[in-house]
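> after the sequence you'll find the predicted model.
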Amino acid sequence: MTDKIKMGAILIEGGALLPDSLRFESEPYSKAWRLVKNLDGYGLDRKIRQAGWTFFYMAQIKASAFGFDREKAVRRAVNRVLANLRSEKFNSLEINQVAAKRFLGLPYVTVSAHSRHIQESMFLCHDKRLAEWDPAQLAAV
């Protein structure tokens, strides 16, 4: 099995609302997320803008995971990032960095990513899923 998660990789939530004209290849990554194939953030952004939608670039998220198997450690770290992203109600993620390091001889991986959000409106708060947001989260936006 090869490393699928690397710098520039994009993950999109399985049930994300997308424009009908947007076509790209993807493969399942985890339970509710798909890994976009053959496109990085810039390429996907161009396709989304051509469809008249917006691809927001949001806050950075980091997570680490220990493990001797690098691929399993990366998957655990990415799943931690995705759990954080799900709580923020954003529907995509762009991987910025995957770094393998050691602490006291134990290998670990740090994944750094930016949350992204695909939606029809150019205003972030004008999302069709707005009704699902908690009033406290809406006030913070």
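Happy to help now that I have it.
> now the longest helix along the chain: buried residues?
Longest helix in the chain by number of residues, with DSSP state H as the criterion: helix 70-88. By neighbour count with 16 or more other CB atoms under 10 Å, helix 70-88 contains the buried residues 73-82, 84-85, 88. Bear in mind the C-beta positions are built from the backbone N, C-alpha and C, glycine included.
> likewise for stretch 4-21?
So for stretch 4-21, counting by 16+ other CB under 10 Å, buried means 5, 9-13, 16, 18.
> for the chain, which residue occupies the most central location?
The centre of the chain sits closest to Leu93, judged by CA atoms, centre = their mean, with a distance of 1.4 Å.
> quickly list what that one is bridged to.
Using DSSP bridges, the bridge partners assigned to Leu93 are Leu11, Ser115.
> ok, the one 4 residues further on next?
Each beta-bridge partner of Gln97 is listed here, defined by DSSP bridges: Ser112.
> likewise for the one 10 residues further on?
For Pro107, the beta-bridge assignment (DSSP bridges) gives partners Arg102.
> that one and Ile12: what is the separation?
Taken as CB to CB, to the nearest Å, the spacing of Pro107 relative to Ile12 amounts to 29 Å.
> which residues touch the residue nearest to the centre of the chain?
Counting by CB atoms under 8 Å, 6 or more residues apart in numbering, Leu93 touches 10-11, 33, 61, 81-82, 85, 113-116.
> give me the pLDDT for it.
Looking at Leu93, its pLDDT reads 91.
> with Ala131 instead?
Confidence at Ala131, expressed as pLDDT, is 53.
> which one of the contacts of Leu93 is nearest Arg49?
Set against Arg49, the nearest of those by CB to CB is Arg116 (13.2 Å).
> ok, now which ones touch Tyr42?
For Tyr42, the contact set (CB under 8 Å, 6+ apart) is empty.
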